[in-house]
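Q: A structural model of the following input is requested.
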Amino acid sequence: MSIDPLITRIRAQVKSPAGGRPGPAEWRAEALRVDNLLADLAYAEAPDCQTEDVTIAVDGHPPVHLRLYRPLPARPARGGGRDRTAATAGPDGIGAGVGRGPDGIGGGVVRGPAGDRADVPGGIGAGLVREPAGDRADVPDGEPAPGAYVGFFGGAFRQGGLDFPSVDRAWRSRAVRAGIVVVGVDYALAPEHPYPAAVEQGYAAVAWVAEHAAELGVDPARLAVGGMSSGGNLAAAAALMARDRGGPALALQLLEVPALDLTGRHLRLSAGRGQGVPPILVKLGLRSVAKTYLGAGGAARAREPYASPLLAPDLAGAPPALILVAEHDLLRGDGEAYAARLRRAGVDATALVYLGHTHESAAFTKVLASARHWQGTVEAALARTPAAAPPRPAASTFIGLNPPHSSA
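A: Numbering: from 1, shown residues only. So this is what the prediction gives:
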């Protein structure tokens, strides 16, 4: 199924009811209503896994709730041994269809919904990841401890949560199919808790996982961060904060349709026009999000590195990055420009552009094969995240992209 008619149909079915100007409670209730409708229409079911809720203290800010997602214990296999039906297992036992590039990390092709292809040079997580063949990624006795992924949901910094179906299903799938521990961060929302509360909570979560790695049963050297949209902003900010504060070392930052410049200088305005949204409404929408999140002095604070990681004066020493962007997304320019700046700073960075996709369509795994491919790419990257290492010269390139620009 092509994406444009699908999104038109979904938007018609989840259209917001008429009413007065909503406040935060109404935003969130409406967002949850829409997400529940989308769960029936467009989100694939997720595999079962173990969950555990934890609350940790954050200096100077509200405590933050975390939810840990783990694969279920291994089932005994017939004839002895353990059942290890690895969701992403390919010829090398790591990623189904993941080809190796010149640097031995990635390679292959990325296909859009209509079968479009773009050649992918070597890069972290790059390559063709076929649909998972199973739901388990258990680690046998004697193998190294699994990695951990600290994940941040999207929602314009003011809505969303761990109980949203789109978030819960993504974290469950990644835990099981990548064979890792996913730590979902239920960060405080704006406007009640403006910047930098969510960033500080995010960094506290990353530090807590590293400090408690032994009891969590994870390898602290394989610690990754990531998120979608505004969650990608928080993940990138937490990664910079970890660099600036002397740790913990991160092996990967995995950013999906990230919002990395709250000044709006890198918005892809042509994407809005293609969806019938005038540029002025695009700019007003971003201004509303920034004002809500940044609070007083928002225009000035939008240029701070932890608010807009893309504007950080120096990105050297940041962890390697895999950045996934959508062709028809207003925020595409943010992800492209961030990958370019990371590489210029000597950081390995791969940017993948999913042809035909919009900001939200990567979640439509029930109806789009290319959305399943997107999620499989993420899961394979998390499954094979290497141990954190000191920065090294950049070795990856864009995948068929034009040079980043501020508008189109």
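Q: CA atoms for contacts and neighbours, from now on please.
A: Fine.
Q: pull the longest helix from the protein.
A: Ordering each helix of the chain by length in residues (DSSP state H) puts helix 24-41 first.
Q: C-terminal to that helix, what's the next element?
A: Where DSSP states H and E defines the elements, the next helix or strand beyond helix 24-41 is strand 50-58.
Q: ok, that following strand: who's next to it in the sheet?
A: Here strand 50-58 is paired, per DSSP bridges, with strand 61-70 (antiparallel).
Q: and the partner strand, C-alpha only, in PDB?
A: These are the backbone C-alpha positions of strand 61-70, laid out as PDB (Å, rounded to 0.1, in the frame of the first residue of the first chain):
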ATOM      1  CA  HIS A  61      14.400  18.300  39.100                       C
ATOM      2  CA  PRO A  62      11.400  15.900  39.600                       C
ATOM      3  CA  PRO A  63      12.200  12.200  39.900                       C
ATOM      4  CA  VAL A  64      11.800  10.300  36.700                       C
ATOM      5  CA  HIS A  65      10.000   7.000  36.000                       C
ATOM      6  CA  LEU A  66      11.700   4.400  33.900                       C
ATOM      7  CA  ARG A  67      10.300   1.200  32.400                       C
ATOM      8  CA  LEU A  68      12.700  -1.700  31.700                       C
ATOM      9  CA  TYR A  69      11.800  -4.100  28.900                       C
ATOM     10  CA  ARG A  70      13.600  -7.500  28.600                       C
END
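Q: mean confidence for the longest helix of the chain?
A: Averaging pLDDT along helix 24-41 yields 93.
Q: tell me which residues in it are buried?
A: Buried residues in helix 24-41, defined by neighbour count with 16 or more other Cα atoms under 10 Å: Arg28, Glu30, Ala31, Leu32, Val34, Asp35, Asn36, Leu37, Leu38, Ala39, Leu41.
Q: and it, what does it pack onto?
A: helix 165-178 (3 or more Cα pairs under 8 Å, 6 or more residues apart in numbering; DSSP states H and E).
Q: What are the buried residues along the helix it packs on?
A: 165-178.
Q: and the residues you listed as CSV, adding distance to Arg67 and pLDDT?
A: Listed next are the buried residues of helix 165-178 as CSV, based on distance: Cα to Cα, whole Å; pLDDT from 0 to 100:
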residue, distance to Arg67, pLDDT
Pro165, 14, 97
Ser166, 15, 97
Val167, 11, 98
Asp168, 10, 98
Arg169, 13, 97
Ala170, 13, 98
Trp171, 10, 98
Arg172, 11, 98
Ser173, 14, 97
Arg174, 14, 98
Ala175, 12, 98
Val176, 15, 97
Arg177, 17, 97
Ala178, 17, 97
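Q: Sheet-wise, list the partners of the helix or strand harbouring Val353 with their directions.
A: Taking DSSP H and E as the criterion, the element that holds Val353 is strand 349-354. According to DSSP bridges, strand 349-354 forms sheet pairs with strand 321-326 (parallel).
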